[in-house]
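[1] Let me see the structure of the following:
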Amino acid sequence: MGEFLEPAYGERSLGDVVPAVAGALGLFMPDAPTRLVLPEAAAYVVFLVDGLGSRLLQRYAHAAPFLAGLTDTPATAGVPSTTATSLTSLGTGLTPGAHGLVGFTSRVPGTDRLLNALLWDKDVDPVEWQPHDTAFARLRGLGAAVTVVNKREFRGSGLTVAAHRGAEYVGADRVGERIAAAVAASAERSSLTYLYDGDLDWTGHRYGVASSPWLQQLSMVDAEAEQLREALPGDVRLLVIADHGMIDSAPGSRVDVDDRTELRDGVALLGGEARFRHLYCHRGAVGDVVATWREVLAERATVLARGDAIARGWFGPVLPGVLPRLGDVVVACHGDTAILSTTDFPYEATLVGLHGSLTPDEMLIPLLVS
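    The predicted structure follows:
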């Protein structure tokens, strides 16, 4: 059982990146104080590589010599360590308990439905779900140019609107397009350009980290970052970050709640994801659910009632409207344990690489400045 790494909100977390970039541009965001300090520059390009944990980069440095050659002072993801939560923390400058995207799936309050934060739901208004001004919009209000470079299919998606509204959106599907778009956007002085690459994460989920496809994809990301650096003017800083790391979960480390039926007792709705579950309980069942899950999982996971998880600071301060989106019970996995439901989430059972919990391999993200 590995030790958990607590999120470094306000110091070195994803929510601190945009306020720190603002400071480096000579601007000040009074509503987003942070202890993170970045080098001064005329412009910043923030390149987020989905799934590139800091420990993974250290472990497989031979496949990414350019990135591994940069000085890394790691930051942390938030909780859970998953894409939708992390991208929203970056774009808003807020903790998960404030912006409200508290996992891959979470309960729509007052219903028996889950919101899939990546696919979204046309019946859920992303501006109502995440009503706060984004950090991108606030930085733009200070006079900076702010641009998002991402795939065309993500323009106007629920997650994009919730997390990154307020920035100019440039659709770019290929590496060459992305680099060219980032270089063009960074020509604006006092600017932040955000660039996203999701292929490493997809490869890790499908084949596992350290697999041959994953290592090849890491080499391609490394080449992309190096080419981007070479194409940018010298007075533009490149900041390479990630949204989370990843671990491989062995078949023998997986627990299927459809096989251990006692794990269904008292649970009305199973949410979250395989490494970090939200359990939405029937009235009065929380104590029994906590006891049962602790007995079955023992040292394989930390099982907490919602209030205890909040007290640990996992989500940062939790706003009243966000509270019912969190599970009545949350389950954070240790080691390479995964909690599956082949009935509710059959796709997860096909994945090799997973993330979402608080282990250092998942929580530590690179913070590489060039």
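[2] In space, not sequence, find me the middle residue of this structure.
    The residue at the geometric middle of the chain, judged as the C-alpha nearest the mean C-alpha position with C-alpha atoms, centre = their mean, is residue 86 (2.6 Å).
[3] for that one, helix, strand, or coil?
    Secondary structure state of residue 86, per DSSP: H, G, I helix; E, B strand; the rest coil, is helix.
[4] got it, and the one 4 residues further on?
    At residue 90 the chain is in helix, as set by three-state DSSP.
[5] same thing with residue 240?
    Three states are possible here, and by three-state DSSP the one that applies to residue 240 is strand.
[6] now residue 368: how far from residue 238?
    Taking C-beta to C-beta, to the nearest Å as the measure, residue 368 and residue 238 are separated by 8 Å. Where you see a C-beta, it was placed from the backbone N, CA and C, and this is true even at glycine.
[7] hang on, I meant residue 285
    Here residue 285 is placed at a distance of 50 Å from residue 238 (C-beta to C-beta).
[8] Tell me the spacing between residue 140 and residue 188.
    As defined by C-beta to C-beta, residue 140 lies at a distance of 11 Å from residue 188.
[9] Looking only at neighbour counts, state which of these two leads.
    residue 140 (19 against 16; other C-beta atoms under 10 Å).
[10] so residue 175 sits right up against residue 224, yeah?
    Yes: the pair residue 175 and residue 224 qualifies as a contact (C-beta atoms under 8 Å) at a distance of 5.3 Å.
[11] Those two: which has the busier surroundings?
    Neighbour comparison, residue 175 and residue 224: the larger count goes to residue 224, with 21 against 16 (by other C-beta under 10 Å).
[12] so what's in contact with residue 175 and residue 224 at the same time?
    Jointly contacting residue 175 and residue 224 under the rule C-beta atoms under 8 Å, 6 or more residues apart in numbering are residue 197.
[13] neighbours around the nearest residue to residue 275 once chain neighbours are set aside, how many?
    Closest residue to residue 275 in three dimensions, ignoring its sequence neighbours and counting by C-beta to C-beta, 6 or more residues apart in numbering: residue 356, at 3.5 Å. Close neighbours of residue 356, defined as other C-beta under 10 Å, add up to 28.
[14] Check residue 347 too.
    By the criterion of other C-beta under 10 Å, residue 347 has 8 neighbours.
[15] Checking it next. Helix, strand or coil?
    helix.
[16] which stretches of the stretch 101-250 of the chain form strands?
    105-107, 114-116, 145-150, 168-171, 191-197, 236-241, 247-248 (DSSP state E, counting those that start in this stretch).
[17] can you tell me which of these comes nearest to residue 38?
    The closest of the strands of the stretch 101-250 of the chain to residue 38 is strand 236-241. By C-beta to C-beta, the value is 7.0 Å.
[18] Can you list the strands that that closest one pairs with?
    With DSSP bridges as the test, strand 236-241 is paired with strand 43-49 (parallel), strand 368-369 (antiparallel).
[19] Let me have those strands in a markdown table, extended by distance to residue 280.
    Output for those, formatted as a markdown table (distance: least, C-beta to C-beta, whole Å):
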| stretch | distance to residue 280 |
| --- | --- |
| strand 43-49 | 31 |
| strand 368-369 | 39 |
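[20] Same list as before, those that is, but in CSV and with mean neighbour count, mean pLDDT and distance to residue 105 included.
    Formatted as CSV, the entries for the strands paired with strand 236-241 read as follows, by neighbours: other C-beta atoms under 10 Å; pLDDT from 0 to 100; distance: least, C-beta to C-beta, whole Å:
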stretch, mean neighbour count, mean pLDDT, distance to residue 105
strand 43-49, 25, 98, 22
strand 368-369, 21, 98, 31
